[in-house]
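1. Pasting a predicted model and its sequence here:
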Amino acid sequence: MQPTNDQRLWMYRQMVTSRHLEERIEALYMEGKTPVFNMAKGPIPGEMHLSNGQEPCAVGVCAHLDAEDVVVATHRPHHIAVAKGVDLNAMVAEIFGKASGLSGGRGGHMHIFDADVNFSCSGIIGESLGPAAGAALSRKMQGKPGVAVAFLGEGAANQGAFHEALNLAAVWKLPVVFVIEDNAWGISVAKQASTAVPRNDLRASAYNMPGVHVADNDVEGVFTAAGEAIARAREGEGPTLIEIETSRLAGHFMGDGEDYRPEGEKEGLQQRDPIPRYRQMLIEAGLLDEAADTELVGEARERVEAAIRFAQQSDFLPPEAALETVFV
Amino acid sequence: MQPTNDQRLWMYRQMVTSRHLEERIEALYMEGKTPVFNMAKGPIPGEMHLSNGQEPCAVGVCAHLDAEDVVVATHRPHHIAVAKGVDLNAMVAEIFGKASGLSGGRGGHMHIFDADVNFSCSGIIGESLGPAAGAALSRKMQGKPGVAVAFLGEGAANQGAFHEALNLAAVWKLPVVFVIEDNAWGISVAKQASTAVPRNDLRASAYNMPGVHVADNDVEGVFTAAGEAIARAREGEGPTLIEIETSRLAGHFMGDGEDYRPEGEKEGLQQRDPIPRYRQMLIEAGLLDEAADTELVGEARERVEAAIRFAQQSDFLPPEAALETVFV
Amino acid sequence: MTNTTATDSGSRKLTIARAMAEATAQEMRADPSVFVMGEDVGPLGGVFGNTRGLYDEFGGERVRDTPISETAFIGAAVGAASDGMRPIVELMFVDFFGVCMDAIYNMMAKNTYFSGGKVKVPMVLMTSTGGGYSDGGQHSQCLYGTFAHLPGMKVVVPSNAHDAKGLMTAAIRDDNPVVFMYHKSLQGMGWLGTEKGATVATPEQSYTVEIGKAAVAKIGQDVTLVSLGAGVHHCLRAAKALGEEGVDAEVVDLRSLVPLDRETVRASVAKTGRLIVVDEDYHSFGVSGEIIASVAEHDLACLKAAPRRVAYPDIPIPFAPTMEQWALPNADKIVDAFHQMMSQ
Amino acid sequence: MTNTTATDSGSRKLTIARAMAEATAQEMRADPSVFVMGEDVGPLGGVFGNTRGLYDEFGGERVRDTPISETAFIGAAVGAASDGMRPIVELMFVDFFGVCMDAIYNMMAKNTYFSGGKVKVPMVLMTSTGGGYSDGGQHSQCLYGTFAHLPGMKVVVPSNAHDAKGLMTAAIRDDNPVVFMYHKSLQGMGWLGTEKGATVATPEQSYTVEIGKAAVAKIGQDVTLVSLGAGVHHCLRAAKALGEEGVDAEVVDLRSLVPLDRETVRASVAKTGRLIVVDEDYHSFGVSGEIIASVAEHDLACLKAAPRRVAYPDIPIPFAPTMEQWALPNADKIVDAFHQMMSQ
Ligand SMILES: Cc1ncc(C[n+]2csc(CCOP(=O)(O)OP(=O)(O)O)c2C)c(N)n1
Ligand SMILES: Cc1ncc(C[n+]2csc(CCOP(=O)(O)OP(=O)(O)O)c2C)c(N)n1
Ligand SMILES: [Mg+2]
Ligand SMILES: [Mg+2]
């Protein structure tokens, strides 16, 4: 399964949008946090998990999804949210904790919920999987169209929830796809120090489902693997497990010293940054030239800037709104 | 790896002992529970999970273990406890809730702890695995001899703890063996309705460890598989997963109507009762004749009867002893 | 919403197990989005009888036996509930919460808040509680305080079949997650012993009992006995015994812990001036402390004597019936607590 | 057992993070059975700094980074602890308890009881608590009540480095399981903000602080403020503010919830006649209710006014700092609570 030219450009645009969003968030996050880094300070307090480098996972999968499809993401959700079509203004406002944010600021960056495009996430490792299986079950029972996709990190593949959800999805033949973003690290712990197999797609056989590996953070490799898996799910043929070799270009969260990285690793990863690589490919394929790229990038940036302005100009909810929406 | 003649007779003796124990417990458990079955009544109240039919799993594994080796069992622990050499008097007294019981009656039949032979269990599905891995880690770190074995049911292989513990044991190359007693049922739910693979040993590859299957509740098949796995563990070569096709001749617990069983299943299982089958084998091998069998069975029974008398003649702890031993 | 009380219920008596199954069946008939998941809820009808008959009527698609994978299937219920379904999911014994609490308290209970009210999680988590039949320390707990302490989920604890049916119907119709904690000794399953007082007249037609309203199970003037679930029956027996001494006890059945009807408790204590809380859950940091504090912080003056609690001590639950029965709350202990209160 | 108090500690000040690491290192030097397991406890030194330096000194065998498999590695700690080792295991945030609570409360906390005292489980479960830095509803909870409610584990909550070191040493040497709950805002990690009052003089030599004894952090006559962890510092600030009004507040630092030193609380309230409990954990069914009930049931007459609590409301923890800070306890709220108490 190959992307059309439109899909190629769509994927590139989403990657660029996500990356620019993250770069802007990175800068804004640091406001008020220098010279002394204190997580509680600045316009964006709290933990911040950037997804720079992991964009191929998001766009290659979401290229096959509509708003009605369900995505459950992780503590590192921005790239996926962008690709899934989460309202960018409301999402950035949420990251700023504003009234106009998706939840009015109750959730924050690890708890992005956009019911309009069926997007949600959880900050607890492994906990994206059960809800995705359940959404898939819901579609199956209701005879409604739509599949579910759970994203998780390679570190999460050692959490019990992974095992339980994959087994359940297989036994019930649910229209769900499990997508592992293997960025080689769970905070400071390397994959090989925590995982008994070199590749988690090898674990698919334990659930009698296909396991697919995508090497080298390859956008179109993800597109193909995800396309086939999602088609299988739509046709009622059950779940698939995909592991994508990707790269975490930033620290685990902002403020991470990253001393645990082997020397040169980060530079190597940056040299293989998937976005310039994909740009180059599109240029070589004749889909993009400098001018078109500049325009596309400019548009993406403007979307992001508009969202940031929207967020910055929004008010906070009154503090006592904290008491609301515990129950509906 | 084949059992010696002594080992053969040892295994047979343990199976007979366990079976007789269970038959006696079955009868005693029903005292006070007729005509109306009420779990709270009689000399042995509470849930009672019998292991009739599963004796091959216990003896084939424990034939390779000494007191210093660690075994963690499940809610269905008697056969394993017998084979591991748990003090029979103290165990039966525990089942009766008496002061002379292993914990003075605080634990009961699902919580058999005998530190002298490193035996313990847990009533929560899947929770035998972590502690077994931890005991194995302890031996490895202390450089002390001894391996650990975790028993679990095939239903427990769908619990998250299974996945986490197998991965941990493999990553840390721990001297531990995971033994699945596949009796085809988790209470009323059939294995094929709950498990995405036909055989759980196939899941071993997800942890980069050997997976071994033993068909047909075969005593010596268990002996061989366990012997190899335990030898591997002792030699520092890491964990193994074994699944044994066994049979639950009784209900899940006493009082179970067993209506969920397909017609004829139970009769079929009873016809393949592993104990008469093994007796026959030993007779054919010239290791046993009627007279020797009668004597062996008689001895086993007398051991059990003595334990029951011991339990019956013991007192209960004073009720306020309930407050003791929360902390040491 | 039809609110019915035990008095106008006609004469058909049901066990709590049957009342729960009946409420579920009625809601399943009325609403195709309602379905049931859990271990042994299908052909077996639930280990504690509360899904009996459902599999036969609704089939295996809507009454689903699950693998022993509580994290996955409760997590799945959260996902299904946010996608238009109304799952009823069973955690067989509340004691097992430790393998799946994250799905319960970090997702089921919080996703609505995290979404600013935009994502509803209309699901019911049913779970059995309680001891008294020697099932040992991992199968006999109540853990009421554990669930009630954590925000975002309603917690109901019925003491009789009438309330169980009405609370179950209300729970299924609620757009919020509801934890439905049923006490094994009240289920009316013979093999668990049966508290006769729990099997009461229960209307056949569908009705709700409002979640968040305590009931005065017996009106009295001299002392307020507050409890929930099985404890209510201990209180009623104690009230009877006290009655023979000429003491007129009022019994408050909390029925739900979240929301907690502090008003009813306070009004009762304002009248009687005396408070005894009866709780089969662990003594410390739980229900009994909360009820006493709720009264004391509100109005100290109304208390004629120091409030007391008859709760399960802070020890694991022992197997031996001698020890377990000694440790459990019962009517005698409540009567004793009253006598001690009066002698001080 | 060397008991040292903050006054004779000399002048070297440590953060709680360093105090915990120092206690651990000293015990690891003295006892080869002590080892550490958890996520990122190795080269990284713990996300909250409390294992810093250990990997360099003791190596990867005794300071083990784990997979993200809390059920397995906490279960493994239970198995190792019963086999002669003394594991210190970390649950990175207490908020994650839901994925592994069974290993904690059904095994770690009960195996000793189930064995009639014959199996010891000498392990320490360290876990970070608390909010205030906008980490959202799954990374900011205290859950003190959740752990303290369940029997079989000791629960300690230090408020300063001196106590943290001594309690850590005591916890490691204890033959029982101890849950060591450290508040992120007290760790002295700059990036989490730093409560200065937590970084106090701490002796270099090894010593223990007895588990189960509250401390009177400030002596006073007019009102008793009871708290734990970060709340102690709010109380001390409130006491200072009240002092400026001429009100002499006593501050009780519980230091441990299990065992709970009710005597010290009761003695203080017997003296002051007034009680305010300050708790960053959820309001209902938790610490604040237990403390108030423990006083009220013991001696109603000593209370000159209805006791009060300043606790975190029964809502998930919101991300936005405006909302979170509004909801958290602080000194102003304590002072207000006192004023309200006096105006009634
Ligand atoms: C159950 C649980 N354990 C631990 C954590 C703390 N934690 C947050 S992110 C993380 C690493 C996750 O690694 P991975 O799954 O590979 O995702 P990545 O961060 O690399 O995207 C950990 C351990 C958590 N959130 N939940
Ligand atoms: C976590 C957990 N979930 C559910 C149960 C209830 N339960 C007890 S035994 C059992 C079936 C176990 O099946 P299996 O593992 O195959 O063991 P078997 O009973 O067949 O020996 C179940 C579901 C439990 N004890 N723990
Ligand atoms: Mg990763
Ligand atoms: Mg089984």
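-> Nice, I can see it. Ligands and ions are numbered 1, 2, ... in the order given.
2. Report the secondary structure element holding A:Leu9.
-> Following DSSP states H and E, one finds A:Leu9 within helix A:5-30.
3. do the same with C:Asp299
-> Assigned by DSSP H and E, C:Asp299 belongs to neither a helix nor a strand.
4. Any regions of chain C where pLDDT drops low?
-> C:1-10 (pLDDT under 70).
5. What average pLDDT does the helix holding A:Leu9 get?
-> Across helix A:5-30, the average pLDDT comes to 98.
6. near chain D at all, it?
-> No: Helix A:5-30 stays clear of chain D (CB under 8 Å from any CB of the partner chain), getting no nearer than 11.4 Å. C-betas here are computed from N, CA, C, even on glycine.
7. do that helix and ligand 1 meet?
-> No: counting by CB under 6 Å from any ligand atom, ligand 1 has no neighbours in helix A:5-30; the shortest distance is 13.4 Å.
8. Other residues contacting the helix or strand just after that helix?
-> Where DSSP H and E defines the elements, the next helix or strand beyond helix A:5-30 is helix A:55-62. Applying CB atoms under 8 Å, 6 or more residues apart in numbering or on different chains, the external contacts of helix A:55-62 come out as A:10-12, A:14-15, A:18-19, A:51, A:71, A:79-80, A:82-85, A:149, A:151, A:177, A:179, A:181, A:214, A:217-223, A:225-226, A:230, A:244, A:246, A:274-275, A:278.
9. Got a quick ChimeraX command for the buried subset of these?
-> Here is the ChimeraX selection string for the buried members of the contacts of helix A:55-62, based on 16 or more other CB atoms under 10 Å in any protein chain shown:
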select /A:10,11,12,14,15,18,19,51,71,79,80,82,83,84,85,149,151,177,179,181,214,217,218,219,220,221,222,223,225,226,230,244,246,274,275,278
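10. Over to A:Thr224: give its phi and psi.
-> Dihedral angles of A:Thr224 (phi, psi; degrees, to the nearest 10) stand at phi -70, psi -50.
11. Could you check how many residues crowd around C:Ala21?
-> Around C:Ala21 there are 24 other residues, counting by other CB atoms under 10 Å in any protein chain shown.
12. Would you mind measuring from it to chain B?
-> To chain B, C:Ala21 is 16 Å away according to CB to the nearest CB, to the nearest Å.
13. Secondary structure element holding that residue?
-> Using DSSP H and E, C:Ala21 falls in helix C:16-30.
14. For the residue in the stretch 151-300 of chain A positioned nearest to ligand 1, which non-adjacent residue is spatially closest?
-> Closest residue of the stretch 151-300 of chain A to ligand 1, CB to the nearest ligand atom: A:Gly153 (2.2 Å). Leaving aside its sequence neighbours, A:Gly153 sits nearest to A:Glu181 (CB to CB, 6 or more residues apart in numbering or on different chains; 5.7 Å).
15. In three-state terms, how would that neighbour be classified?
-> Three-state assignment for A:Glu181 (DSSP: H, G, I helix; E, B strand; the rest coil): strand.
16. Look up which residues are beta-bridged to it.
-> On the basis of DSSP bridges, A:Glu181 takes part in beta bridges with A:Gly153, A:Ile244.
17. A:Ala150 is in contact with that one, correct?
-> No: in this structure, A:Glu181 is not within contact of A:Ala150 by CB atoms under 8 Å, at 11.1 Å.
18. roughly how far out does the helix holding C:Ala21 sit from the chain middle?
-> Centre-to-centre, helix C:16-30 and its host chain are 17 Å apart (CA atoms, centre = their mean, to the nearest Å).
19. what comes up buried for it?
-> For helix C:16-30, a neighbour-count test (16+ other CB under 10 Å) marks C:16-28 as buried.
20. How about whatever residue of the stretch 1-150 of chain C ends up closest to ligand 1, nearest residue that isn't a chain neighbour?
-> Closest residue of the stretch 1-150 of chain C to ligand 1, CB to the nearest ligand atom: C:Asp102 (7.0 Å). With sequence-adjacent residues excluded and distances taken as CB to CB, 6+ apart, C:Asp102 is closest to D:Gly98, at 3.0 Å.
21. Check C:Pro158 too.
-> For C:Pro158, ignoring the flanking residues on the chain, the nearest one in space by CB to CB, 6+ apart is C:Ala164 at 3.9 Å.
22. Could you look up the SS state of residue 126?
-> Reading this off chain A. What three-state DSSP gives for A:Gly126 is coil.
23. The chain in question should be chain C.
-> Three-state call for C:Met126 (three-state DSSP): strand.
24. Quickly note the distance from the residue positioned nearest the centre of chain C to C:Phe96.
-> Residue closest to the mean C-alpha point of chain C, counted by CA atoms, centre = their mean, is C:Val157 at 1.3 Å. Note on C:Val157: its distance to C:Phe96, by CB to CB, to the nearest Å, is 18 Å.
25. now C:Phe58
-> 25 Å.
26. between the two, who's got more neighbours?
-> Neighbour count, other CB under 10 Å: between C:Phe58 and C:Phe96, C:Phe96 has more, with 25 against 20.
27. Ramachandran coordinates for the more buried one?
-> Per-residue torsions, C:Phe96: phi -90, psi 10 (degrees, to the nearest 10).
28. cool, C:Ser284 as well?
-> Per-residue torsions, C:Ser284: phi -90, psi 150 (degrees, to the nearest 10).
29. how would you label C:Ala306: helix, strand or coil?
-> C:Ala306 ends up coil, using three-state DSSP.
30. who's in contact with the closest residue to it other than its chain neighbours?
-> Of all residues not flanking C:Ala306 in the chain, D:Leu300 sits nearest, at 4.5 Å (CB to CB, 6+ apart). Contacts for D:Leu300 (CB under 8 Å, 6+ apart) come out as C:Leu300, C:Leu303, C:Ala305, C:Ala306, C:Pro307.
31. In space, what's closest to the residue of chain A found nearest chain B - neighbours in sequence excluded?
-> Residue nearest to chain B within chain A: A:Gly160 (1.8 Å; CB to the nearest CB). Leaving aside its chain neighbours, A:Gly160 sits nearest to B:Gly160 (1.8 Å; criterion: CB to CB, 6+ apart).
32. do the same with A:Arg76
-> A:Arg76 sits nearest to A:His49 (CB to CB, 6+ apart), 4.2 Å away.
33. Looks like that neighbour contacts A:Asp256 (just checking).
-> No: in this structure A:His49 lies outside contact range of A:Asp256 using CB under 8 Å: 9.6 Å.
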